[in-house]
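Student: Predicted model and sequence below, questions to follow.
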Amino acid sequence: NGVVAVQNAAVAASGHDARGMTIRRRQFSHILAARDAWPTQHQVASYVTAPTAVAADVVATLAASLAPADSLKWVGAQADIDALLVLPSGRQIASTGWRQNEVLADAGPLPLLSVTYEIPKVKAGKYRRPYVALWITNAERQPIRHLLLLGDSQRWAQENRRWWRAAGRDDRSLLDGYARSTRRPGTYTVRWDGRDDRGQPAVGDQFRLHFEAAREHGGHTYQTIDIDFSTPASETLTASGEFGDISVRWHRDDDSNVKSAAVQNASLRQ
């Protein structure tokens, strides 16, 4: 369950379960992929806010037909559309605007974190862009949030051995849902909004941030930073292996639970 606050906007949802078809013991979605007009393989439930009901309905169907990463990339380029995608495992992926409009009951200040990392230039005859995994574990060392997965081939994702053992091998939908294309050398930023992979506020102050990268014809690098949200702070890891410098800043958002009671609320049930 969840609540999103909207004003002068509409909410629509789309999914695959209610109207699917079974043919020769195989289950097919009623939603067709635009690329080949074949039933989509991405069993994602989508919730969308848009200026009109028609736009919300169209985008919800579109979002349910695409790979999750492609859906969020398109939605992120729209000024007045936001979306929440729910994978079959219950894990969630949401646009920034969607999370900003969520109403969290008694959540308290959320932990917020910003990571700036570098993929270094490597002189190599057969250079391949690295597969990268950034994820967060709680005080019990359980994975609670995937911040970034670059590269969607299971064969090479397994080379990030720590991530694969911690999460990847137990939930193959992670690559389909979270993975993006590998990136060329450069500096990039990733942010954590204080929620776990199921959209719930993270509990506690103690977390660990994991960085792992592996490259075909290259090396393998794994690093961690322990985070304590009881005190705002920052830390920098110097360049090592497949990562350049990594800078991390964290604090709690004192305004995370402030929502106007006057806006219209729309309840979403998963």
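Tutor: Structure's in. What do you need?

Student: Whichever helix or strand Trp98 is part of packs against which elements?
Tutor: Here Trp98, judged by DSSP states H and E, is contained in helix 96-101. Applying 3 or more Cβ pairs under 8 Å, 6 or more residues apart in numbering; DSSP states H and E, we find helix 96-101 packed against strand 2-6, strand 45-50, strand 82-86. C-beta coordinates here come from the backbone N, C-alpha and C atoms, glycine included.

Student: So which of these is nearest Gly218?
Tutor: Nearest to Gly218 among the helices and strands packed on helix 96-101 is strand 82-86 (32.0 Å), distances taken as Cβ to Cβ.

Student: List the strands paired with the closest one, with their directions.
Tutor: strand 45-50 (antiparallel), strand 92-94 (antiparallel) (DSSP bridges).

Student: what about Val103, neighbour count?
Tutor: 17 (other Cβ atoms under 10 Å).

Student: I should have written Pro109 there, sorry.
Tutor: There are 15 residues near Pro109, going by other Cβ under 10 Å.

Student: If you count neighbours, what's buried in the lengthiest helix in the chain?
Tutor: In terms of residue count, the longest helix belonging to the chain (DSSP state H) is helix 53-65. Using 16 or more other Cβ atoms under 10 Å as the test for burial, helix 53-65 gives Ala55, Ala56, Asp57, Val59, Ala60, Thr61, Leu62, Ala63, Ala64, Ser65.

Student: ok, now stretch 74-81?
Tutor: Quick answer for stretch 74-81 (16+ other Cβ under 10 Å): Val75, Ile81.

Student: Same check on stretch 64-73?
Tutor: Ala64, Ser65, Leu66, Ala67, Pro68, Ala69, Ser71, Leu72.

Student: next one: stretch 138-157
Tutor: For stretch 138-157, by 16+ other Cβ under 10 Å, it's 138, 143-152, 156-157.
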